[in-house]
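In: My questions concern the predicted model and sequence given below.
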Amino acid sequence: MPYKRKNRGRKKGRSPGRVKYVSCAYCGARIPEDKAVKRVYWRAPVSGSIAKELAAQGTLIATQRKTVYYCIRCAMFLGIVKIRPRDERKKIPEELMEKRLRRIIGI
Ligand SMILES: [Zn+2]
């Protein structure tokens, strides 16, 4: 059976059976961890402009590590994950393409 994605959208082959569920940071959907898009951010407790001023004066600012999970829909919407270029995507066999065209034309 042909699959749309090479890994069926998950890292299930490499992960040990059942995986824990995580919540999407944007919409709150519950998704398996191996399917989610994981991003790690280092954030300072102060805003960017203040942090720059303090750094210029030679102050060390402590940063916090924050792990965020996104569901695939939100990752696409926010531009974190992008679709592959057309030529990198799976190629449709010519026979199948002809069949599809015939169906559209109505022969
Ligand atoms: Zn989401």
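Out: Happy to help now that I have it. Numbers count the residues shown, from 1 in each chain.
In: Please, where are all the helices along this structure?
Out: 48-57, 72-78, 94-105 (DSSP state H).
In: Show me the one of those that comes nearest residue 17.
Out: Closest of those to residue 17 is helix 72-78, at 21.2 Å (criterion: C-beta to C-beta). Yep, even glycine has a C-beta here, placed from its N, CA and C like the rest.
In: distance between that closest one and the chain's centre?
Out: 7 Å (C-alpha atoms, centre = their mean, to the nearest Å).
In: Give the bridge partners for residue 68, please.
Out: Note on residue 68: beta-bridge partners by DSSP bridges are residue 39.
In: Tabulate the helices of the chain in JSON lines, adding columns for distance to the ion and mean pLDDT.
Out: JSON lines is the format used below for the helices of the chain (distance: least, C-beta to the ion, whole Å; pLDDT from 0 to 100):
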{"stretch": "helix 48-57", "distance to the ion": "26", "mean pLDDT": "89"}
{"stretch": "helix 72-78", "distance to the ion": "3", "mean pLDDT": "92"}
{"stretch": "helix 94-105", "distance to the ion": "32", "mean pLDDT": "89"}
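In: Residue 33 is in contact with residue 22, isn't it?
Out: Yes - using C-beta atoms under 8 Å, residue 33 is in contact with residue 22, at 5.1 Å.
In: list the residues that contact both of those two?
Out: residue 69 (C-beta atoms under 8 Å, 6 or more residues apart in numbering).
In: Could you check which of these two has the larger neighbour count?
Out: With neighbours defined as other C-beta atoms under 10 Å, residue 33 and residue 22 compare such that residue 22 has more, 20 against 14.
In: what about that one, distance to residue 43?
Out: Counting by C-beta to C-beta, to the nearest Å, the separation of residue 22 from residue 43 is 19 Å.
In: Good, we can wrap up now.
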